[in-house]
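**Student:** heads up, no residue letters with this:
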């Protein structure tokens, strides 16, 4: 199985700050990488698909990039509702696998 | 609007089975696959598999073969997952999700069902 390593596991940040979350695959995944947000109540929604494509309804402050084994999710200016957990997910190989998550916390 | 409504929390004994449901609304049920995902504190998010809601065909993560069985009832737009031979390791929150197959994106998620396995 492809292992997805997210860093950092937690990140304190301030409103208005620009933050970047990293996701590294144990082998190349050809940009087959999605990102999700999970709120404290458990609600999960997709943010980015195929590395850099913004899911419908997601604010433009979210963006994704990367290639090969290294990918990132950037939030350009943190809003209060952005403090949550973030997960990457690869779909290059079966089984689909997720990163271990990054908790974005208020500093 | 698309909604996936899951059944309530389950408390089950080791060795027993549970069947959780995921009722879809707001779209044509048979037009999208449904996947199931397990979430635990220790293992994070784990992909269980998917069901083709039109044909009933299934595909499982090898890890969950023999553990999970996915079915659908098209008449009620409901997907089901049965977990068998439960052990404490099966205690988790289980999510169903509607899949965009072209990019393997879980575009809509249920609210999750907590399964607790304890004697």
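**Tutor:** Perfect, thanks for sending it. Values in this document were obtained by computation on a predicted structure and should not be read as measured data.
**Student:** what residues does chain A put near chain B?
**Tutor:** Residues of chain A lying near chain B by Cβ under 8 Å from any Cβ of the partner chain: A:32, A:34, A:36, A:42-46, A:49-50, A:53, A:55, A:87, A:89, A:91, A:94-101. (C-beta placed from N, C-alpha, C; glycine too.)
**Student:** contact residues of chain B facing chain A?
**Tutor:** Listed as neighbours of chain A in chain B under the rule Cβ under 8 Å from any Cβ: B:44-47, B:61-63, B:93, B:95, B:97, B:100, B:103-107, B:109, B:111-112.
**Student:** can you list the weak-confidence ranges in chain A?
**Tutor:** Of all residues in chain A, none has pLDDT under 70.
**Student:** find the closest residue to chain B in it.
**Tutor:** Among the residues of chain A, residue A:91 lies closest to chain B, at 3.4 Å counting by Cβ to the nearest Cβ.
**Student:** quick one on the thing from earlier: please, a PyMOL command that selects the buried ones among the residues of chain A next to chain B?
**Tutor:** The following PyMOL line selects those of the residues of chain A next to chain B that are buried, judged by 16 or more other Cβ atoms under 10 Å in any protein chain shown:
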select buried, chain A and resi 32+34+36+44+45+46+49+50+55+87+89+91+95+96+97+98+99+100+101
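**Student:** just checking, residue B:2 touches residue B:27?
**Tutor:** Yes. Counting by Cβ atoms under 8 Å, residue B:2 does reach residue B:27; the two are 5.2 Å apart.
**Student:** looking at those two, which one has more neighbours?
**Tutor:** Neighbour count, other Cβ atoms under 10 Å in any protein chain shown: between residue B:2 and residue B:27, residue B:27 has more, with 14 against 11.
**Student:** just checking, the more buried one touches residue B:4?
**Tutor:** No. Using Cβ under 8 Å, residue B:27 makes no contact with residue B:4, being 10.0 Å away.
**Student:** quick check on the residues of chain B next to chain A: which are buried?
**Tutor:** B:44-47, B:61, B:93, B:95, B:97, B:100, B:103-107, B:109, B:111-112.
**Student:** for the residue in chain B that chain A sits nearest to, give its distance to residue A:68.
**Tutor:** Using Cβ to the nearest Cβ, the closest approach of chain B to chain A is made by residue B:104 at 3.4 Å. Separation of residue B:104 from residue A:68 (Cβ to Cβ, to the nearest Å): 19 Å.
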